[in-house]
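Chemist: pasting the structure only:
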């Protein structure tokens, strides 16, 4: 069974898209979960430093982490909501930026339930950043959540608790 | 005010306050209901939980909303004594009296006043464009920029076609609006059209006939027939939704994905509280995600193929919400009397036969069917254009040159009528058809002509990946 039957990727299927820890420690670095060749190029077109490369218009986008500045534009524009910038900002924790188009809208400081690619709860996190729609280049809210390091690569959706 | 149970109050992307300005009272089968002025009868009733609108004339089966865009006849009712009115198209207003159709209703005509028949007004235009969706709208813009005088007609009340209910962001390339939501693309196209003095727009104006002498009968403002005689025509009517075959598939509450999107994203009314989606192509995945955004519980998506049909990224968006996708499964039955209450699915074998003992039940109040579309060739067939059945393109499609001119000189096609594809390809085709139609009238503009050439190349590139290679191959069968 592959992502084509499941509808989500397993970590081992995207290991090549996860930059090394050296880069993850620098600044938010996009983890691009775009495994299928479709005609789509906004991330490639918007990247100000050409860190995202595509061989042709149907190719899978590839990141050169050396060129990436952590600007988050690719995660805002991606029509597939498939880019999750991740930053190992302090020991034991990670900051994950999640494209979010649901209600209720979280606020900075909120504790949220963190869900994985199958929608299963894998832990909790704290919202430290909310880029509102009006300020997002791609009209998509980007929610930054601080999560325990061990679920950094699992955190793909959030649920606002106790509102 | 929570009296209207299926209304969406809060939405992460949409605001329905401009559709709910003036509350009105109207009657359905002598009972009073509340709605909002301007919304269709079927929408107002659905919001009130009234899903059954009429019964079928012979077997008395319940009938309700299906396509929600005036393309089918499932929602026929009697309005102020006039039968066969589509409840999805007729707006509610204060005091309106609506009742269910009973059998085959007849229009009462007073014998003393037979209708007077006179020849309709006849007008000429350089380019008539039929359909103001992405293909027709961009064709109008480009043809106008070439210098042509354009008349753009659509039976709907807004420019944008089905983009007006697409809240998701579009794929493709930035120059064809990738990264923008469909609703935003519709707005951009409308603004561009309104800027151009040489585009005349007739909304609420269906094309109802085609006559010898290249005359199109347009029911202007749904009130008055006008004969339009164009020099060139671009036909961009879009597509019609397919339906799935299963027991009780005609129950109210079972509708096409497009119908569900119209209800919830245009009018802010939920198609149900708990739903099952049939089909995991892009449309099925997108409608599931949009329903979750509207606060609807999507129980599952059912897919007969052994894999998910749509883009992986669309599937990932619904899976991370916890919505299961059952591949190798089919819906075998719906249950309910006046509206759907239950859906039964089962696993299928290699020959697509349900495997006994694998049935699963879902308590749902809506089933959304997203099993594909076929090109709306009603008009092109009527005009005697040569068609060919090509499965990969969605069914019968008109033969065409690379400039999108059909077997009839001066008649062009663009968008889903040419091949079931994406909004981005509809835009590319609209550019090609609009510029070439204007060019054939003698207008010249090297920059725009180059843009049409680019669009032809872009279509080739778009279709060169694994997703659309089968379409690229199949198109060779219809190019003349």
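Modeler: Now that the structure is in, tell me what you want to look at. This structure is a prediction, so every number in the text was calculated from the model and none was measured. Numbers count the residues shown, from 1 in each chain, chains lettered A, B, ... in the order given.
Chemist: Would you map the strands across the stretch 251-400 of chain B?
Modeler: In the stretch 251-400 of chain B, the segments counted as strands under DSSP state E, counting those that start in this stretch are B:254-256, B:274-278, B:297-302, B:325-326, B:329-336, B:340-347, B:360-363, B:366-369, B:373-375, B:387-390, B:395-398.
Chemist: again with chain A
Modeler: In chain A, the strands defined using DSSP state E lie at A:29-32, A:52-53, A:62-63, A:83-90, A:93-100, A:111-115, A:121-131, A:141-148, A:157-160.
Chemist: Quick check: residue A:117 vs chain B, distance?
Modeler: 5 Å (C-beta to the nearest C-beta, to the nearest Å). (Each C-beta comes from the backbone N, C-alpha and C, glycine too.)
Chemist: beta partners for residue 123?
Modeler: You didn't pick a chain, so chain A it is. Assessed by DSSP bridges, residue A:123 has beta-bridge partners residue A:114.
Chemist: Chain B is the one I meant
Modeler: residue B:228.
Chemist: contacting residues around it?
Modeler: Counting by C-beta atoms under 8 Å, 6 or more residues apart in numbering or on different chains, residue B:123 makes contact with B:226, B:227, B:228, B:229.
Chemist: Tell me the buried residues within those.
Modeler: The neighbour-count test (16 or more other C-beta atoms under 10 Å in any protein chain shown) applied to the contacts of residue B:123 identifies B:226, B:227, B:228 as buried.
Chemist: any idea of the pLDDT on residue B:202?
Modeler: For residue B:202, the model assigns a pLDDT of 98.
Chemist: er, residue B:67 I mean
Modeler: pLDDT recorded at residue B:67 is 88.
Chemist: what about it, how many neighbours?
Modeler: Here the number of neighbours of residue B:67 (other C-beta atoms under 10 Å in any protein chain shown) works out to 20.
Chemist: can you pull the contacts of it?
Modeler: Contacts of residue B:67 (C-beta under 8 Å, 6+ apart): B:74, B:88, B:240, B:241, B:255, B:256, B:258, B:259.
Chemist: List just the nearest of these to residue B:457.
Modeler: residue B:240 (30.2 Å; C-beta to C-beta).
Chemist: If we ignore the residues flanking it in sequence, what's nearest the closest one?
Modeler: Of all residues not flanking residue B:240 in the chain, residue B:376 sits nearest, at 5.1 Å (C-beta to C-beta, 6 or more residues apart in numbering or on different chains).
Chemist: what's stretch B:432-451 in contact with?
Modeler: B:126-127, B:129, B:135, B:138-143, B:145-148, B:231-234, B:236, B:402-405, B:410, B:412-414, B:431, B:452, B:455-456, B:459.
Chemist: Give the rounded mean pLDDT of that stretch.
Modeler: For stretch B:432-451, mean pLDDT is 98.
Chemist: Buried residues of that stretch, list them for me.
Modeler: Result for stretch B:432-451 [16+ other C-beta under 10 Å]: buried residues B:432-441, B:443, B:445, B:448-449, B:451.
Chemist: Pull up the gap between residue B:185 and residue B:422, please.
Modeler: Residue B:185 sits 12 Å away from residue B:422 when distances are taken as C-beta to C-beta, to the nearest Å.
Chemist: hmm, I was thinking of residue B:127
Modeler: For residue B:127, the distance to residue B:422 - C-beta to C-beta - is 24 Å.
Chemist: Looking at those two now, which is surrounded by more residues?
Modeler: residue B:127 (29 against 19).
Chemist: Enumerate every residue touching the more buried one.
Modeler: Contacts of residue B:127 (C-beta under 8 Å, 6+ apart): B:140, B:143, B:148-151, B:230-234, B:434, B:437-438, B:441.
Chemist: Low-confidence regions, chain A specifically.
Modeler: For chain A, the stretches with pLDDT under 70 are A:162-163.
Chemist: Would you point out which residue is most central in it?
Modeler: Nearest residue to the geometric centre of chain A (C-alpha atoms, centre = their mean): residue A:84, 0.6 Å.
Chemist: I'd like to know how many residues surround residue A:38.
Modeler: Applying other C-beta under 10 Å, we find 23 residues neighbouring residue A:38.
Chemist: any idea how far it lies from chain B?
Modeler: 5 Å.
Chemist: residues touching that residue, list them.
Modeler: By C-beta under 8 Å, 6+ apart, the neighbours of residue A:38 are A:58, B:171, B:311, B:313, B:465, B:467.
Chemist: Go again with 7 Å.
Modeler: By C-beta atoms under 7 Å, 6 or more residues apart in numbering or on different chains, the contact list for residue A:38 reads A:58, B:171, B:311, B:465, B:467.
Chemist: Distance of it relative to residue B:268?
Modeler: On the measure of C-beta to C-beta, residue A:38 and residue B:268 end up 31 Å apart.
Chemist: next one: residue B:225
Modeler: Distance from residue B:225 to residue B:268, by C-beta to C-beta: 34 Å.
Chemist: Quick check: bridge partners of residue A:90?
Modeler: residue A:93.
Chemist: Number of residues surrounding it?
Modeler: 11.
Chemist: Then residue B:116?
Modeler: 5.
Chemist: what kind of secondary structure is it in?
Modeler: Of the three states, residue B:116 takes coil under DSSP: H, G, I helix; E, B strand; the rest coil.
Chemist: how much space between it and chain A?
Modeler: Distance, residue B:116 to chain A, by C-beta to the nearest C-beta: 53 Å.
Chemist: and if you look at residue B:152?
Modeler: In terms of C-beta to the nearest C-beta, residue B:152 sits 27 Å off from chain A.
Chemist: which parts of the one helix or strand that residue maps to are buried?
Modeler: Per DSSP states H and E, residue B:152 falls inside strand B:150-153. Buried positions in strand B:150-153, judged by neighbour count with 16+ other C-beta under 10 Å: B:150, B:151, B:152, B:153.
Chemist: What is the nearest of those residues to chain A?
Modeler: Chain A lies nearest to residue B:152 out of the buried residues of strand B:150-153, by C-beta to the nearest C-beta, at 26.9 Å.
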